[in-house]
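Asker: predicted model and sequence follow; I will ask about them next.
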Amino acid sequence: MGVHAQICDSLERAGIVHPFAIQEMTLSVALLGTDMIGQARTGTGKTLAFGIPVLQRSIAPSDPDYDQIPEGKPQALIVAPTRELALQVSSDLELAGRDRGLRVLTIYGGVGYEPQLEALEAGVDIVVGTPGRLLDLANRKALDLSHVHALVLDEADEMLDLGFLPDVERMLRLTPETRQTMLFSATMPAAIVALARTHMRHPMNIRAESSYENATVPATAQFIYLAHDLDKPEIIGRILQAEDADKMIVFTRTKRQAQRVADDLEERGFKASPLHGDMAQVAREKALTKFREDKIKVLVATDVAARGIDVSGVSHVVNYTCPEDDKTYVHRIGRTGRAGASGIAITLVDATDVHRWKMINKALDLPFDEPLETYSTSEHLFHDQGIPPGTKGRIVPPAPQAPRSDRDRSDRGDRGRGERGGRERREGGERNREGGERNRERTRTRTRSGGASTETGSTGPAESQGGTTPEGAERPAGASRNRRRRRRSGGAGRAAGDGQSAQGGTTTDGAAKTQDA
């Protein structure tokens, strides 16, 4: 097909010999330097469809004309909507161009500027990056795009959805008008069509397969279940033990949900990791690397990972919640069944999302209008997924919970008692209504002589006696306040009773009875 021998040798070592449909249709056009628009389903080899022409048309250090280009200036620019996709594209370019000796640099946000600035100063041949950081470095004059001969916009419709289109247009104005422009997009919204008309010269439109909107990956078996939210982790745990289960990607709607599900699966004994926007870029790359190297079995991701994850061996994709629309659904399930392999896509629909699923089902012309009500114990779940009978949703026993101490209970009781409990503690003699404890500042001594009980407080006998003193003695101020509080809250009878209890008995003339030590 006219591909350079060095590129063919590199691909052959990786086991890539025969082109996919989109590659076969675009290579002959792109290698000539013609502007083009490519449309194809996800997972059908679009990266090499533009990657091979970019590598072949860039001047390598071994070529005789290499000294004619400005030293260290990028010759090609590839723009991707997400960090994961940019990293994936760079990986494929390095694989195919290993024998060409071209320097590929990946630029994206979420990491420090210094390594990227140093790499640009040292010189690069091909730059792959996300719009925000690329434009930032271009505005700083660190990235010079004035010598770019090829510009690729990958997943242009996703860049439109993420609001990157204005940044992309500003970058296009920084590149030469004589460049070759290749635009790849799964769908062609009006804004993408307008972008192509403005910045491309007589582009050739190549559609490798039938209409994207009405086509899902044919090698992927799809199952739609109506499931309860609390039962979903148990369902996933059982599916992970199915006969043909290998690696699984679970898609969630929110970042918090992704973290919670990943933690739940780890607690059940499965090797799982989250992947969402709140994670640092280093942690995200580490999780993806472990997933590719089979060190973890489950990746729980938000839609940030729906594009750009090209991992072999993904046997299952699970939509933990119903996707927002048909386009999201197709991109998610496209993470399995890639490059001709088979896969299984399972969507767990909540009762509140049935209407949304019906809209997706109608848009994609699928035969799953009524999701089947499914529990982790349902026989059809075991039959559909090939789960051995008797399988449970965990492979390790649940960790035993430490018993709560009496002190923990009393602390929670103290927090919940409020004003009434506080008044009871101030009165100092009544039993705690919830915790069953007495005032800790009081000590109580019982004697057998007469059966009387004596009490002393930490502040002296007078206070602990409920405010009564021998006749003629000066009453402490604190005791007087305590007695007035009793009369307001409990009445005279209650005050008398409290006083009698606190004193261990009083005489009729009000004098304090001699306390028995």
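Answerer: Received, thanks. What you see is a predicted model; the values in this text were computed from it and never measured. Numbers count the residues shown, from 1 in each chain.
Asker: only C-alpha atoms from now on, for both contacts and neighbour counts.
Answerer: Noted.
Asker: show me how far stretch 385-396 is from its chain's centre.
Answerer: Offset of stretch 385-396 from its chain centre (Cα atoms, centre = their mean, to the nearest Å): 26 Å.
Asker: just the C-alpha atoms of it, please, in CSV.
Answerer: Extracted in CSV, the C-alpha atoms of stretch 385-396 (Å, rounded to 0.1, in the frame of the first residue of the first chain):
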residue,chain,number,x,y,z
GLN,A,385,-23.1,-14.9,31.9
GLY,A,386,-21.9,-18.5,32.4
ILE,A,387,-21.6,-18.1,36.2
PRO,A,388,-21.0,-21.4,38.1
PRO,A,389,-23.9,-22.3,40.4
GLY,A,390,-23.5,-21.3,44.0
THR,A,391,-21.1,-18.4,43.2
LYS,A,392,-21.2,-15.5,45.6
GLY,A,393,-20.2,-11.9,45.0
ARG,A,394,-17.1,-12.0,47.0
ILE,A,395,-13.9,-14.1,47.1
VAL,A,396,-12.8,-13.2,50.7
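Asker: go ahead and name everything in contact with that stretch.
Answerer: Contacts with stretch 385-396, where a contact means Cα atoms under 8 Å, 6 or more residues apart in numbering, come from 233-239, 241-244, 268-270, 381-382.
Asker: identify each buried residue in that stretch, please.
Answerer: Buried residues in stretch 385-396, counting neighbours by 16 or more other Cα atoms under 10 Å, are found at Q385, G386, I387, T391, K392, G393, R394.
Asker: now pLDDT too, for these, in TSV please.
Answerer: Shown next, in TSV, are the buried residues of stretch 385-396 (pLDDT from 0 to 100):
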residue	pLDDT
Q385	92
G386	90
I387	93
T391	92
K392	92
G393	91
R394	90
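Asker: just those residues now: which is nearest R284?
Answerer: Of all the buried residues of stretch 385-396, R394 has the smallest distance to R284: 25.6 Å, by Cα to Cα.
Asker: Three-state assignment for that closest one, please.
Answerer: What DSSP: H, G, I helix; E, B strand; the rest coil gives for R394 is coil.
Asker: same question for the one 4 residues further on.
Answerer: Counting by three-state DSSP, the backbone at P398 sits in coil.
Asker: same question, L77
Answerer: Following three-state DSSP, L77 is assigned to strand.
Asker: low-confidence ranges, the chain, go.
Answerer: Low-confidence segments of the chain (pLDDT under 70): 41-43, 209-219, 305-310, 337-341, 399-517.
Asker: show me it divided up by domain.
Answerer: Domain assignment for the chain, taken from automatic domain parsing, gives 5-213, 216-385, 441-467+476-507.
Asker: relative to P398, which of the ones you listed is closest?
Answerer: domain 216-385 (7.2 Å).
Asker: would you turn the buried residues of stretch 385-396 into JSON lines with distance to E293?
Answerer: Below are the buried residues of stretch 385-396 laid out as JSON lines (distance: Cα to Cα, whole Å):
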{"residue": "Q385", "distance to E293": "25"}
{"residue": "G386", "distance to E293": "25"}
{"residue": "I387", "distance to E293": "25"}
{"residue": "T391", "distance to E293": "27"}
{"residue": "K392", "distance to E293": "27"}
{"residue": "G393", "distance to E293": "24"}
{"residue": "R394", "distance to E293": "23"}
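Asker: which of these sits closest to P371?
Answerer: For the buried residues of stretch 385-396, the minimum distance to P371 (Cα to Cα) is 15.9 Å, reached by Q385.
Asker: leaving out sequence neighbours, find the closest residue to W357.
Answerer: Residue nearest to W357 in three dimensions, not counting chain neighbours: C322, with 6.6 Å by Cα to Cα, 6 or more residues apart in numbering.
Asker: OK, contacts around that neighbour?
Answerer: Per Cα under 8 Å, 6+ apart, neighbours of C322: T347, L348, V349, D350, D353, R356, W357.
Asker: against F368, how distant is the fifth one?
Answerer: I take that to be D353. The gap separating D353 from F368 is 14 Å, by Cα to Cα, to the nearest Å.
Asker: same check, this time on the second one
Answerer: From L348 across to F368, the span is 12 Å (Cα to Cα).
Asker: give me the common contacts of those two.
Answerer: Contact with both L348 and F368 is made by residues I224, according to Cα under 8 Å, 6+ apart.
Asker: of those two, who's got more company?
Answerer: With neighbours defined as other Cα atoms under 10 Å, L348 and F368 compare such that L348 has more, 26 against 16.
Asker: which residues touch the strand or helix carrying L135?
Answerer: Using DSSP states H and E, L135 sits within helix 131-139. Outside helix 131-139, the residues within contact range by Cα under 8 Å, 6+ apart are 79-81, 107-109, 143-145, 164, 167-168, 170-171.
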